[in-house]
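K.L.:
have a look at this prediction, sequence included:
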Amino acid sequence: MDEIPLLRKCLGLLYSLVCYLFSMLVLAYFVGFIGPPDVPKDINSGPPTAWYFAVPINMLLISLFALQHSGMARKGFKQFWLQWVAAPIERATYVLCSSLALSLMFLLWQPIPLPLWDVQAQPARGLIEAVYWLGWIIVVLATFLLSHFELFGLKQALAAFRPHPGEASAFKTPWLYQLVRHPLYLGFVMSFWATPHMTVGHLLFAGVSTLYILMGTLLEEKDLVQLFGEQYRQYQRKVGMLLPFVGRR
């Protein structure tokens, strides 16, 4: 009888590991989708579609990811979701759904290649590309400053092997989190906008995605206030939301 729970735990860990590796591949492709590295299909490649078809399709793709990413993160949905998904693999399943939603966007994205600016002169082009890569460095670093493997669901799957449940998440603000409350989102916004070759399609992606990040951040902050209470309210008063000293309450 004891072997069945152990088998389920091992399968859960294997499932979480597969979800993690898939999410890393999708994130790596994301870097090339909007930036310098070559990928099979980027934000400007593919046969162009009439803008009045491309815009609603792209808006739908971004909205689909936004609804999945924010909706599944809400406390009410998690309570419902846990009736069907075991707690140790709940986070990994969320990460898998996010990765699939992003993959769908990569696959179906309709390019609108009309250029808005194209910076070729140095050092301006080099500076823009440096900001782009700095944004991705901040994204990766921000995940490790808190708990990279918890964020992607591996820690929860490993915790199932422990005889006693782990302690509740403690409130902490390491390094970058003392400059802005959401350095992960700041890094994404930097990478979305820092391009030497801006097209209408890229602008649509950057603008709508930034708007989603702002809305999603406000929803996340409500959850964090509920979780940490006055401790997080004091943090809001001292540290800006996405920019240092901007957005303090």
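P.N.:
Cool, the structure landed. Residues are numbered from 1 along each chain as shown.
K.L.:
for this protein, which helix is longest?
P.N.:
Counting by DSSP state H, the longest helix found in the chain is helix 3-34.
K.L.:
contacts for the helix or strand following that helix next, please.
P.N.:
Downstream of helix 3-34, the next assigned helix or strand under DSSP states H and E is helix 51-71. Contact with helix 51-71 is made by 48-49, 77, 97-98, 101-102, 104-105, 108-112, 200-201, 204-205, 208-209, 212, 215-216, 219, as judged by CB atoms under 8 Å, 6 or more residues apart in numbering. Any C-beta I mention is one placed from the backbone N, CA and C, and that applies to glycine too.
K.L.:
now do the contacts for residue 9.
P.N.:
88, 157, 160, 161.
K.L.:
what distance do you get for the second one to residue 9?
P.N.:
Per CB to CB, to the nearest Å, residue 157 is found 8 Å from residue 9.
K.L.:
next: the last one.
P.N.:
When distance is defined by CB to CB, residue 161 is 6 Å away from residue 9.
K.L.:
would you state the helices of this protein in chain order?
P.N.:
3-34, 51-71, 75-81, 87-108, 124-146, 148-151, 154-159, 183-193, 200-228, 230-238.
K.L.:
nearest to residue 173, out of these?
P.N.:
helix 230-238 (6.5 Å; CB to CB).
K.L.:
for residue 235, what are its contacts?
P.N.:
171, 173, 181, 228.
K.L.:
what's the burial count for residue 21?
P.N.:
As a burial measure, residue 21 scores 11 neighbours (other CB atoms under 10 Å).
K.L.:
roughly how far apart are residue 226 and residue 241?
P.N.:
Taken as CB to CB, the span from residue 226 to residue 241 is 17 Å.
K.L.:
the more surrounded of those two?
P.N.:
residue 241 (18 against 10).
K.L.:
need phi/psi at the more buried one.
P.N.:
phi -70, psi -60 (degrees, to the nearest 10).
K.L.:
that older thread, between the contacts of residue 235, which has the most around it?
P.N.:
residue 181 (24 neighbours).
K.L.:
wait, doesn't that residue sit right on residue 240?
P.N.:
Yes - with contact defined as CB atoms under 8 Å, residue 181 reaches residue 240; the gap is 6.9 Å.
K.L.:
convert the lowest-mean-pLDDT helix or strand in the chain to CSV, retaining C-alpha atoms only.
P.N.:
Sorting the helices and strands of the chain by mean pLDDT, DSSP states H and E puts helix 75-81 at the bottom, at a mean of 86. Only the C-alpha atoms of helix 75-81 are listed here, as CSV (Å, rounded to 0.1, in the frame of the first residue of the first chain):
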residue,chain,number,x,y,z
LYS,A,75,-6.8,32.3,-5.0
GLY,A,76,-10.4,31.5,-6.0
PHE,A,77,-9.4,29.6,-9.1
LYS,A,78,-6.7,27.7,-7.2
GLN,A,79,-9.2,26.5,-4.6
PHE,A,80,-11.4,25.2,-7.4
TRP,A,81,-8.4,23.8,-9.4
